[in-house]
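Participant: quick one, fold the following:
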Amino acid sequence: MRLLFFGTGLIALVSLFGCDKSGPPKVDSGKAPTTSQEKVAAGPAAPEAKESPQPDAKLTEALAKLSPEDRALAEKQKVCPVSGEPLGAMGTPKKVEVKGQAVFICCEGCEEKLKANPDEYLAKLNK
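Facilitator: From the prediction side, this is the model:
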């Protein structure tokens, strides 16, 4: 009976704490390991992330495809009134004339909404 109780207790402990034979669990302190022992304990380093272009660079590149006059207007407007996305985030912004005002939208998909409710979106721009 004792053996059965001991075996059940052991199984409960193993299921509670796991059965990791690699040693104590690793704790991420948030800082890079400094000693060789810490580096070994930390395991293999994660591959370096490739640097992607900054979002600002992407926006600038997309806006650069506009004429200087349109680029100045789009930079002043900053965001698509329909989607709220930064102009240039989805490529070169599209210029649409609405109620005598030039409005830039992020993509062709926003044009129908803009033309259906021009007052709503012009109010967002004129705040």
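Participant: so, low pLDDT: which residues of this structure?
Facilitator: 1-55 (pLDDT under 70).
Participant: hey, where'd the strands end up in it?
Facilitator: Assignment of strands within the chain using DSSP state E yields the ranges 94-98, 101-105.
Participant: single out the most deeply packed of these.
Facilitator: strand 101-105 (a mean of 20; mean count of other Cβ atoms under 10 Å). C-beta here means a position set from N, CA and C on the backbone, and glycine is covered the same way.
Participant: what helices or strands is that one leaning on?
Facilitator: If you count contacts as 3 or more Cβ pairs under 8 Å, 6 or more residues apart in numbering; DSSP states H and E, strand 101-105 packs onto helix 68-77, strand 94-98, helix 111-116, helix 118-125.
Participant: quick one, the second one and helix 118-125 angle?
Facilitator: What separates the directions of strand 94-98 and helix 118-125 is an angle of 120 degrees, with axes from the mean of the first three to the mean of the last three Cα atoms, to 10 degrees.
Participant: hang on, the earlier thing: between the helices and strands packed on strand 101-105, which gets nearest to P86?
Facilitator: Nearest to P86, of all these, is helix 68-77, at 10.1 Å by Cβ to Cβ.
Participant: tell me the angle the closest one makes with strand 101-105.
Facilitator: Using the same axes, to 10 degrees: helix 68-77 against strand 101-105 is 70 degrees.
Participant: list the helices and strands helix 68-77 packs on?
Facilitator: helix 55-63, strand 101-105.
Participant: list the neighbouring strands of the shortest one plus their orientation.
Facilitator: When you say that, I think you mean strand 101-105. strand 94-98 (antiparallel) (DSSP bridges).
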